[in-house]
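In: build me a model:
(2 chains)
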Amino acid sequence: MRIELLYYPECPSHERALELIREALASEGVSAEVNVVRIDTQEQAETHRFIGSPTIRVNGRELQPQPHLPYRLTCRTFQHEDGRLSPLPSLTMLREAIRNTEGG
Amino acid sequence: MEIGHSAYDFNLPGVDGKTYSLKDFADKPVLVLFFWCNHCPYVKAYEDRVIALANEFGDRVAFVAINSNDPTQYPEDSFENMQKHAEAKGYPFPYLFDETQAVARAYNASRTPEFFVFDEERDLKYHGRFDDNWEYPDQVRHEYVRDAIVSLLQNDVPHVSQVPPIGCTIKWKH
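Out: A predicted model of the protein is given here:
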């Protein structure tokens, strides 16, 4: 399994995002390296199709894609299962993404 | 802006069609001025808490939200979208557009959300984040802005005067 975490350092959520990914992997009993990619410039954002920090991809599939948004340097919003808007995905969302990829 | 510094005046358009400056809030003994926007997830995480606090203290405390982001890069933060969002959420406070970004620069603001709480003389008494847990409202232990308001309404000094703001960076024009 390939997991990518792309982050913009001015957005303070990336360390917690990495913790959540590792927690989700452990909960699902999956061993995988997390490829952490730092995005500093608009050019890099466009190259990496980065709409905000953190962007998380499991086997290339983006968690909660938002194709209407431009590539840019900012924090991104995730909508949790309970409707709450957050700078981070929920553990449940991450576990499901890992489980679905592992099973599929 | 250092603690104790006087509030800078401004003259900014609000989403309600009015133009606001400090004198419009002179009847309230406490002023909570905060840098805000539409797109930032930290703002979204705090939005309901800020609205609740403004509704709770609105008769004695002036709450003023200011968006200084460059809408050419972040179209969600355009004046038109500010108007739509404020109406949809029922903001109980003025939501102002700092198009030139001069107000954000004067206050040396860097994040959204970022809070400045002023006393009756409009001297800065608290600066920083709203509380100590953006992620889980039910696990908040320190409500910095609320505590500052309560202290000032009791003519007391807030126990905590500064906590670094957490959120998105203000999106400056190039």
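In: how about B:E87, secondary structure?
Out: Following DSSP: H, G, I helix; E, B strand; the rest coil, the label given to B:E87 is helix.
In: contacting residues for A:S31?
Out: A:L25 (C-beta atoms under 8 Å, 6 or more residues apart in numbering or on different chains). Where you see a C-beta, it was placed from the backbone N, CA and C, and this is true even at glycine.
In: what's opposite the residue positioned nearest the centre of chain A in the beta bridge?
Out: Central residue of chain A (C-alpha atoms, centre = their mean): A:I56, 2.0 Å from the mean position. Counting by DSSP bridges, A:I56 is bridged to A:L5.
In: quick check: it touching A:Y7?
Out: No: between A:I56 and A:Y7 there is no contact, the gap being 9.5 Å when judged by C-beta atoms under 8 Å.
In: tell me, what's touching these two both at once?
Out: A:A17.
In: the residue nearest to the centre of chain A and A:A32: what is the separation?
Out: Using C-beta to C-beta, to the nearest Å, we find A:I56 at a distance of 12 Å from A:A32.
In: give me the common contacts of the two.
Out: Joint contacts of A:I56 and A:A32 (C-beta under 8 Å, 6+ apart) are A:I3.
In: next, the contact list for the residue nearest to the centre of chain A, please.
Out: A:I3, A:E4, A:L5, A:L6, A:A17, A:I21, A:E62, A:L63, A:P89, A:L94, A:A97.
In: what's the answer for A:A24, then?
Out: Contacts of A:A24 by C-beta under 8 Å, 6+ apart are A:L91, A:L94, A:R95, A:A97, A:I98.
In: now A:R22
Out: A:V34.
In: export only the CA atoms of the helix or strand where it lies, formatted as PDB.
Out: Element membership for A:R22, per DSSP states H and E: helix A:14-28. What follows is helix A:14-28, C-alpha atoms only, in PDB (Å, rounded to 0.1, in the frame of the first residue of the first chain):
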ATOM      1  CA  HIS A  14       0.300  18.100   9.300                       C
ATOM      2  CA  GLU A  15       1.900  16.600  12.400                       C
ATOM      3  CA  ARG A  16      -1.400  15.500  13.700                       C
ATOM      4  CA  ALA A  17      -2.400  14.200  10.300                       C
ATOM      5  CA  LEU A  18       0.700  12.000  10.300                       C
ATOM      6  CA  GLU A  19      -0.200  10.700  13.800                       C
ATOM      7  CA  LEU A  20      -3.800   9.900  12.600                       C
ATOM      8  CA  ILE A  21      -2.500   8.000   9.500                       C
ATOM      9  CA  ARG A  22      -0.200   5.900  11.700                       C
ATOM     10  CA  GLU A  23      -3.000   5.300  14.200                       C
ATOM     11  CA  ALA A  24      -5.300   4.300  11.400                       C
ATOM     12  CA  LEU A  25      -2.700   1.900   9.900                       C
ATOM     13  CA  ALA A  26      -2.100   0.300  13.400                       C
ATOM     14  CA  SER A  27      -5.900   0.000  14.000                       C
ATOM     15  CA  GLU A  28      -6.300  -1.800  10.700                       C
END
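In: how far does it sit from its chain's centre?
Out: 10 Å (C-alpha atoms, centre = their mean, to the nearest Å).
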